[in-house]
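need a 3D model of the following:
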Amino acid sequence: MQPHLYLMVFAAALAGAAVCGSAGAGEFIVSPVRLELGSTTRSGAITVRNEGKDMLSFQLEAMEWRQDGDGKDQYVETQELVFFPKIMSVGPGQEALIRVGAKTPLVQREKTYRLFIQEMPAPAPAPSNGAQVNFLIRFGAPIFVVPVKAQDSLAVDSLGLVKGTVHIATRNSGNRHQVVQGVHLKGADAAGAEIFTLTLADRYLLAGTAKTFSATVPPQQCARLASLSVEVRTDRLSTVRQLDVDPTMCP
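A predicted model of the protein is given here:
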């Protein structure tokens, strides 16, 4: 008998979009892909629809979602979310409902979680002449418990250029998350002509989180720079910082 292999695939939740398993995986759609709970909306529902031809089974797990000092996502087990069911099966063309609620809906600072919807392996097929690979989707739907009174604040704490590498330190000092739409870098020469542009992509900047971005300016362009600016733009705010550049900052 040849080995039967499973590959776990994490599908990051994207606001405003559905997710579907890739080729070789169960095909399913999650909608909505995120929930906001709070004092006025204490519970919500997520629908999982099976778009494939086979029965799909899922295991659910709630995790508290944090970001560390580098802005990297971290997940910790939590009992602060109530959800049902824990395990479910969805037939072809059918859909199932997941009920989600927060034990503490009244918060001063936003609480963030992900509800992981993990596809479970189907029964092993009959032996074949070759190995079979199944892609099992693990989708993490963001769950936000919004603060009673929202406060938005976004800052670029520092902007530096060392040996041609740009360092940008950003901080969300508000009490709810920001969806980063882009970190836009622009450089100009002494005449004010734009000679360098670059956009860095990111997603979520959680409340109270600081995150550092970096990028490299090509040596030929760096040598001509007189100024550099960065604009961090989110779904709610934007902030700009500028830097005067001198040749010692380039390689």
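
contacts only, for residue 212.
By Cβ atoms under 8 Å, 6 or more residues apart in numbering, the residues touching residue 212 are 70, 71, 167, 168, 169, 170. To be clear about C-beta, it is placed using only N, CA and C from the backbone, and glycine gets the same treatment.

6 Å instead?
For residue 212, the contacting residues are residue 169, by Cβ atoms under 6 Å, 6 or more residues apart in numbering.

over to residue 188?
Applying Cβ under 6 Å, 6+ apart to residue 188 gives the contacts 194, 227.

do the same with residue 103
Residue 103 neighbours (Cβ under 6 Å, 6+ apart): residue 80.

and with 7 Å instead?
Shown in contact with residue 103 (Cβ atoms under 7 Å, 6 or more residues apart in numbering): 80, 82.

torsion angles phi and psi at it?
phi -70, psi -30 (degrees, to the nearest 10).

give me the element the residue nearest to residue 168 when sequence neighbours are not counted is part of.
Closest residue in space to residue 168, ignoring its immediate chain neighbours: residue 213 at 4.4 Å, by Cβ to Cβ, 6 or more residues apart in numbering. Following DSSP states H and E, one finds residue 213 within strand 210-216.

just the CA coordinates for that strand, please, in CSV.
C-alpha atoms of strand 210-216 as CSV (Å, rounded to 0.1, in the frame of the first residue of the first chain):
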residue,chain,number,x,y,z
ALA,A,210,3.7,48.3,17.2
LYS,A,211,5.1,46.9,13.9
THR,A,212,8.3,47.6,12.0
PHE,A,213,8.6,47.5,8.3
SER,A,214,11.8,47.6,6.2
ALA,A,215,12.7,48.0,2.6
THR,A,216,15.9,48.4,0.5
